[in-house]
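K.L.:
can't give you the sequence, but here's the structure:
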C-alpha cells in the first residue's frame, strides 16, 4: 500500500553491523529526512519494500527515475517531467509514453502533447518538434481540424480534386 506523506520506518538490512540493528539509509532524493525515523516525501507515491522506501509513481506529466544504467539505485529516486515527444496523462504516472500520431511536444515538461495545427498531420508517434507535423499540399486543408493522423485528412479545396491513382492529395 502507498505510504502517506510522512511515515516512520525502521529499515532492516543484512549489512547492519549488529544483528537486529537497522542500518541507516541515505535519504531518497525525493524526500526530507530530519533524523530519526521520520521521512517526509516531497512528491510522488512511495512504498516500503525490502526495508527501504521505493518511489512507485509520480503526478501526471512526470515519470519515475530510480535507476542508473538500468540498475535500481535507491539514492537517485525522483520524479521528473516527461521528455520532449512524450506525455503521461494518468493521475499517477511511472512511465511517459510517446505522443500519439497527430500530436507533438517540443520541450521537456509536465504538459500534454499538443495537436498538430490546422492543415497538417503526423502519422508516427513520438513527435518532438512542430516541424514533425507535415503540411497538407497546396489547395488542400484539414477543414478546420487539428491533430490529424493521416494525409487522408488533407482534403482538396473547392475547385480542386485529388490526383487520380494517388491515395491523398
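P.N.:
Received it, and whenever you're ready, just let me know what you need. Remember, it's a predicted structure, so these values are computed and weren't measured experimentally. Residues are numbered from 1 along each chain as shown.
K.L.:
contacts, neighbours, all on C-alpha from now
P.N.:
Fine.
K.L.:
so where's the chain uncertain?
P.N.:
1-20, 166-169 (pLDDT under 70).
K.L.:
Show me how far stretch 49-61 is from its chain's centre.
P.N.:
Centre-to-centre, stretch 49-61 and its host chain are 15 Å apart (Cα atoms, centre = their mean, to the nearest Å).
K.L.:
which residues touch it?
P.N.:
Contact with stretch 49-61 is made by 10-13, 25, 28, 43-48, 63-64, 66, 74, 77-79, 81-82, 87-94, 96, 109-112, as judged by Cα atoms under 8 Å, 6 or more residues apart in numbering.
K.L.:
Report the buried members of the residues you listed.
P.N.:
The neighbour count (16 or more other Cα atoms under 10 Å) marks 11-13, 28, 44-46, 48, 63-64, 66, 74, 77-79, 81-82, 87-89, 92-94, 96, 109-112 as buried among the contacts of stretch 49-61.
K.L.:
Can you check which strand is longest in this structure?
P.N.:
As assigned by DSSP state E, the longest strand anywhere in the chain is strand 52-59.
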